[in-house]
Every structure is written in C-alpha cells, then in structure tokens.
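Enquirer: Could you work out the structure for the sequence below:
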Amino acid sequence: MFELAVEFNRIFAGHENAHGEFRITDTSGIKAKGKAQTNRSPLKIELWESHLKGEVGIGAIPITESSQCTWGAVDIDQYDGLGLETLSGLLPEGLVLCRSKSGGAHIFIFVQTPTTAALMRKKLALVARAVGHPNAELFPKQEVLVS
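Expert: As a prediction, the model looks like this:
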C-alpha cells in the first residue's frame, strides 16, 4: 500500500501546504454526506494510505503556491442515469474518467509540464461543455492562488 500511496502523492502533486479531507457521516441517501474541511498542512503519505484503504476521503489541491498545475479535474455531480461508457465515448483521448465516491464522475487532465491554473481551467471548461456538463465543478477552483 505504501508504494501506491507514494505514487498517488506524486501524480496528484499540488498545493504544498493544504489539502481537503472528507469524513462520511451518513450513507443513507444517494450521495454520501459528511464533514468536509480544508487542512492547512501538507498531504502526507500516511493520509494517502488511509484514503486508499477507504478510511478517509482526501482532496489534493491541484494549484501550487505559484498558481501552476500538473493536473486538473471536472467533477460531475449527476447521480441518476450517468453512464460512464457514454461519457467515456465523448472524451478526447488522454483524459482519465472514473466514478466518484458519491456516484458521479471525475474527469482528470494530466500534463507533463506545469501550466498556469488559468489555462488548466479553460481546458477543463471545454471538456465539461464537450460532455454536456457545462456547470460541473472544476479543480483547480481558481486561476490564481491568493494567500
């Protein structure tokens, strides 16, 4: 598990001093409910291990302190009738699609060379529109990191 946690930490590199955590408190509805918070501390390997074991949901923050990104995500919060196969057929090659913990979908873009968060958001918005979800939440959430 340790090696996988190290790899996730590498792939989802981003903000050096903050990350999100989500602790589920209620699974009785369509979407899991819980307590989300932003922690002002680095995302450590041990937390990735807990995430991969299903013990805690974490959210890496894609934007660095210099407003650069090596990845971004479209978060589609549709829970009924969202077919991943159909969605997959609409995606440009090279993007990664997966089911979210709540039953929606995440579409990831990864780049080799860091790019501005502004450009990443523009690309994510194009993807969201292309798959019919123009109002989906985009990560990074902002174009420039404000301290």
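Enquirer: What distance do you get for the closest residue to Ala130 other than its chain neighbours to Thr64?
Expert: Leaving out its chain neighbours, the residue that sits closest to Ala130 by Cβ to Cβ, 6 or more residues apart in numbering is Leu90, at 6.2 Å. Yep, even glycine has a C-beta here, placed from its N, CA and C like the rest. Going from Leu90 to Thr64 by Cβ to Cβ, to the nearest Å gives 30 Å.
Enquirer: Flag every buried residue along the longest strand seen in the chain.
Expert: When the chain is parsed with DSSP state E, its longest strand is strand 105-116. Neighbour counts over strand 105-116 (16 or more other Cβ atoms under 10 Å) mark 105-109, 115-116 as buried.
Enquirer: what about it, average pLDDT?
Expert: Here strand 105-116 scores 96 as its mean pLDDT.
Enquirer: Tell me the helices and strands packed up against it.
Expert: If contacts are counted by 3 or more Cβ pairs under 8 Å, 6 or more residues apart in numbering; DSSP states H and E, strand 105-116 sits against strand 68-76, helix 84-90, strand 96-99, helix 117-130.
Enquirer: what angle do it and helix 117-130 make?
Expert: Here strand 105-116 runs at an angle of 150 degrees relative to helix 117-130 (axes from the mean of the first three to the mean of the last three Cα atoms, to 10 degrees).
Enquirer: Which pLDDT value does the model give Leu145?
Expert: We have a pLDDT of 87 for Leu145.
Enquirer: Also Gly81?
Expert: Value listed for Gly81 in the pLDDT field: 69.
Enquirer: State the distance from the most centrally placed residue in the chain to Glu21.
Expert: Most central in the chain under Cα atoms, centre = their mean is Ala73, positioned 4.9 Å from the mean C-alpha point. As for Ala73, its distance to Glu21 is 17 Å (criterion: Cβ to Cβ).
Enquirer: Which residues are in contact with Ala13?
Expert: Residues near Ala13 by Cβ atoms under 8 Å, 6 or more residues apart in numbering: 60, 64, 70-71.
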